[in-house]
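>>> next one to model:
(chains A and B)
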Amino acid sequence: MVKKIVVASGKGGTGKTTVSLNLYRRFSMDGEDVVLYDCDVEEPNDALFFPEKIMIENKPVNQLIPVIDSEKCQFCRKCVTYCEFNAIVIIPSVKLAQVNSDLCHSCGACSVACPFDAIIEKPESIGQIAKYDIGFGQGLLEGRLQIGSSMQTMLIKELKNEFPEQGSLVIYDAPPGTSCPVVETVADADYVILVTEPTPFGLHDLKLTVELLDELEKPYGVVINKSGLGNHETHEFLSRKGIEILGEIPFSREYAAEYAAGNLFENVPEEFETVYQQITGKVGHHLAEL
Amino acid sequence: MKEITILSGKGGTGKTSITAALSSIAVEAVFCDNDVDAADLHLILQPEMREQYIFEGAWVASIDADKCDGCGICQSNCRFNAIHFLHGQYEINPYQCEGCRLCERTCPNGAITSTRSRNNEWYISDTRFGPMVHAHMGPGEENSGKLVTLIRNKARELARDKQASYILNDGPPGIGCSAIASVSGTDQVLLVIEPTLSGLHDLQRLVKLVNSFRVPMAALINKHDLNLEVTKQVEIFLENKQIPLLARIPFDDTVVMAMIEGKSVIEFAPDSTITKQLREVWRQITKEESLTYGKSFIHHN
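Numbering: from 1, shown residues only, chains lettered A, B, ... in the order given. A predicted model of the protein is given here:
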């Protein structure tokens, strides 16, 4: 059975991508057949850190948008009644029957509603999913939302379904926040790693994510990134809640500069390596217990 | 009245700290936290709540097992794979349900009903700098942008009533629904950029989005000395796109220290370089000329 880990955070910019990539590397070094999925489809960044990557596959992802045939349409408005997303406009007096694709969720209700067979569905692009060889491990899979599309959740779902599970371990790099796209990413996870920073903003958003994971009944632990930068309230919160700290990555301005330039795996301070080893050890232990 | 939205593409670039700082400079302004998914502006502005409302979220369907005869029509119609046959009966996973209500409409036994989530709230508050509109989304709720649009409309109403000169929107990360809802109809976007490859990549995607709405942009680079080479790349990109760069703000943990105190950096370190820079940014974005690009497009399209 493939085991699935999600790296999530609530707040953006806490270090999800850094942690995901480093865990991918460490697990590969430990001999795991690991695959990384960049599920932050609005802003996929994982591939940026592999300048030598080779794209193996690239597929467009479409959503089905209904088109109304105004010859067949009798302007009965049944489709309008069925559409919960206000995506259809029918004006009988001028024989207008139109679908606004920005609002359409591709649920198919209008097609079911139409008594005159006047609705057909045509594919429209919402983005791409790609697979990369990045030189080690089983590779990187990425979803990239088309600019202007609002179908993040559908694209994440497609990303997970399109490339069937391979390898022994899967890491999902989640989008920020606690809404639908994060729920979709976390849905089939065996274990969640929350990355936070010890600042008031980081703590506030961590609490929201903890609330979500408790509701979804997912096991999780926390990685404190940029440790030393803020205050102690995050530690106090975690200890009060009995939430496990998987590791603490110290704040390092020098390493932040390396990250900025895309050099994620170069000049990693020794103490960071130790922390990542500690995290993979603890996570591996949790996965073995499942 | 001028509406300014602060955006970044990438999360964690300092949008909220910058918005909070500008809030303490702006006079006659209304503040609005558009990042309803992970709202943080209130941690600095410390609003005193005056009015509280429930925002009805998406529909969620559920099946009454007593009425269900197990025909499976609902499952075959559901495009979101939200209906599962478990423990001998059909069940709807509320997290996968998109609220299209097709199952409810096609069930021959009337066994399916939908209810709207009442898990989101929005507020009108007072802060030490002026009124604020903000929201709290329940975990796992649909961030379709409707809540963002609603609180932005309320902020506009409030601004009209008070004859305020500015609305300041703290935007969400990304380029999805809530970013779209945050850009549409705003007068100006202020981009907060961090000089990392990720920051630059996300900026490029955001600029395309904002351009498609014909909204004028100005930018500032936050933590610019983190990597001067990437800062240079960001500057070249901005120049090519003819986006004015208003400031290069150094990396400084004063910003974090201010956050811990629940203050804006302007209040916490009034004589600092950052404070001076941000005052200048505010002066620049509130100048009349900063809107020319927008005027030529917005009103003729």
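>>> quick one: low-confidence residue ranges for the stretch 51-200 of chain A.
A:163-165 (pLDDT under 70).
>>> quick one: the strands in the chain?
I went with chain A, as the question did not name one. A:3-8, A:34-38, A:54-68, A:88-91, A:96-99, A:119-133, A:140-145, A:169-173, A:191-196, A:220-227, A:245-250 (DSSP state E).
>>> chain B, not that one
Counting by DSSP E, the strands of chain B are B:2-7, B:29-33, B:48-55, B:59-63, B:83-86, B:89-92, B:112-116, B:120-127, B:130-136, B:166-170, B:188-193, B:217-222, B:245-249.
>>> for the second one, the distance to its chain's centre please.
This points to strand B:29-33. 12 Å (CA atoms, centre = their mean, to the nearest Å).
>>> tally up the residues packed near the closest residue to A:Glu124 other than its chain neighbours, please.
In space, and not counting its chain neighbours, A:Glu124 is closest to A:Ile65: 4.6 Å by CB to CB, 6 or more residues apart in numbering or on different chains. Glycine gets a C-beta too; all of them are placed from N, C-alpha and C. Number of residues near A:Ile65 (other CB atoms under 10 Å in any protein chain shown) recorded here: 17.
>>> residues of the stretch 151-300 of chain B that sit close to chain A?
B:172-177, B:179-180, B:194-199, B:201-202, B:205, B:208-209, B:212, B:226-227, B:229-230, B:251, B:253, B:256, B:259-260, B:262 (CB under 8 Å from any CB of the partner chain).
>>> from A:Glu273, how far off is A:Ile224?
Here the criterion is CB to CB, to the nearest Å. By it, A:Ile224 lies 17 Å from A:Glu273.
>>> so what's the residue of chain B positioned farthest from its centre up against?
Note on chain B: the largest C-alpha distance from the chain mean falls to B:Asp69, namely 44.3 Å (CA atoms, centre = their mean). Neighbouring residues of B:Asp69 by CB atoms under 8 Å, 6 or more residues apart in numbering or on different chains: B:Asn109, B:Ala111.
>>> touching, A:His232 and A:Pro198? I think so.
Yes - using CB atoms under 8 Å, A:His232 is in contact with A:Pro198, at 7.3 Å.
>>> the two: which has the busier surroundings?
It is A:Pro198, of A:His232 and A:Pro198, that has more neighbours when counted by other CB under 10 Å, with 25 against 8.
>>> related to what we said a few turns ago, export the strands of chain A to CSV and append columns for distance to A:Cys180.
Below are the strands of chain A laid out as CSV (distance: least, CB to CB, whole Å):
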stretch, distance to A:Cys180
strand A:3-8, 13
strand A:34-38, 17
strand A:54-68, 15
strand A:88-91, 23
strand A:96-99, 22
strand A:119-133, 15
strand A:140-145, 13
strand A:169-173, 15
strand A:191-196, 16
strand A:220-227, 19
strand A:245-250, 26
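>>> tell me the bridge partners for A:Gly221.
With DSSP bridges applied, the residues forming beta bridges to A:Gly221 are A:Ile193.
>>> grab the nearest non-local neighbour of the closest residue to chain A within the stretch 201-301 of chain B.
Closest to chain A within the stretch 201-301 of chain B is B:Asn227: 3.6 Å, counting by CB to the nearest CB. Leaving aside its chain neighbours, B:Asn227 sits nearest to A:Ala260 (3.6 Å; criterion: CB to CB, 6+ apart).
>>> need the contact list for that neighbour.
B:Glu194, B:Pro195, B:Thr196, B:Leu197, B:Gly199, B:Leu226, B:Asn227, B:Val230.
>>> wait, doesn't B:Gly14 sit right on B:Val255?
Yes - between B:Gly14 and B:Val255 there is a contact at 7.0 Å, judged by CB under 8 Å.
>>> residues touching A:Ile54, list them.
So A:Ile54 contacts A:Tyr132, A:Asp133 (CB under 8 Å, 6+ apart).
>>> from chain B, how far off is it?
Note on A:Ile54: its distance to chain B, by CB to the nearest CB, to the nearest Å, is 19 Å.
>>> how far away is that residue from A:Gly139?
Separation of A:Ile54 from A:Gly139 (CB to CB): 9 Å.
>>> which residues are in contact with both of the two?
A:Tyr132, A:Asp133.
>>> list the buried residues in stretch A:143-160.
Neighbour counts over stretch A:143-160 (16 or more other CB atoms under 10 Å in any protein chain shown) mark A:143-147, A:149-160 as buried.
>>> one more: stretch B:211-231?
B:211, B:213, B:215-224, B:226-227, B:230-231.
>>> and the pLDDT at B:Gly140?
Note on B:Gly140: pLDDT of 88.
>>> name the nearest residue to it, sequence neighbours excluded.
Spatial nearest neighbour of B:Gly140, chain neighbours left out: A:Val183 (4.7 Å); criterion: CB to CB, 6+ apart.
>>> pretty sure that neighbour sits against B:Pro94.
No - in this structure A:Val183 lies outside contact range of B:Pro94 using CB under 8 Å: 9.9 Å.
>>> just want to know which of the two has more residues nearby.
It is A:Val183, of A:Val183 and B:Pro94, that has more neighbours when counted by other CB under 10 Å, with 23 against 16.
>>> OK, contacts around the more buried one?
A:Val183 touches A:Leu212, A:Leu216, B:Tyr95, B:Gly140, counting by CB under 8 Å, 6+ apart.
>>> burial count for the last one?
The burial metric for B:Gly140, expressed as a neighbour count using other CB under 10 Å, is 22.
>>> which bits of the stretch 151-290 of chain A sit near chain B?
Contact residues (CB under 8 Å from any CB) of the stretch 151-290 of chain A with chain B: A:152, A:175-183, A:187, A:199-201, A:204-205, A:208-209, A:211-212, A:215-216, A:229-231, A:253, A:256-257, A:259-262.
>>> now the buried members of the residues you listed.
A:152, A:175-183, A:187, A:199-201, A:204-205, A:208-209, A:212, A:216, A:229-231, A:256-257, A:259-262.
>>> got the contact list for B:Ile274?
Per CB under 8 Å, 6+ apart, neighbours of B:Ile274: B:Ala21, B:Ile249, B:Pro250, B:Asp252, B:Thr254, B:Val255, B:Val265.
>>> with adjacent residues omitted, what lies nearest to the fourth one?
Residue nearest to B:Asp252 in three dimensions, not counting chain neighbours: B:Ile274, with 6.1 Å by CB to CB, 6+ apart.
>>> check contacts around B:Cys78.
Counting by CB under 8 Å, 6+ apart, B:Cys78 makes contact with B:Leu102, B:Cys103.
>>> about what we covered before: buried ones only from the contacts of B:Ile274, please, as a ChimeraX command.
Typed into ChimeraX, the next command selects the buried ones out of the contacts of B:Ile274 (criterion: 16+ other CB under 10 Å):
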select /B:21,249,252,255,265
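>>> what's the neighbour count on the nearest residue to B:Ser144 once chain neighbours are set aside?
Distances taken as CB to CB, 6+ apart place B:Cys177 nearest to B:Ser144, at 5.2 Å, with adjacent residues excluded. Other residues near B:Cys177 come to 27 when the count uses other CB under 10 Å.
>>> wait, B:Cys177 sits on B:Gly145?
Yes - look at B:Cys177 against B:Gly145 with CB under 8 Å: they come within range, at 3.9 Å.
>>> which residues do the two both contact?
Common neighbours of B:Cys177 and B:Gly145 (criterion: CB under 8 Å, 6+ apart): A:Ser150.
>>> dump the residue contacts of residue 160.
If you meant another chain, say so; for now it's chain A. A:Lys160 neighbours (CB under 8 Å, 6+ apart): A:Tyr37, A:Cys39, A:Asp188.
>>> chain B is the one I meant
B:Met1.
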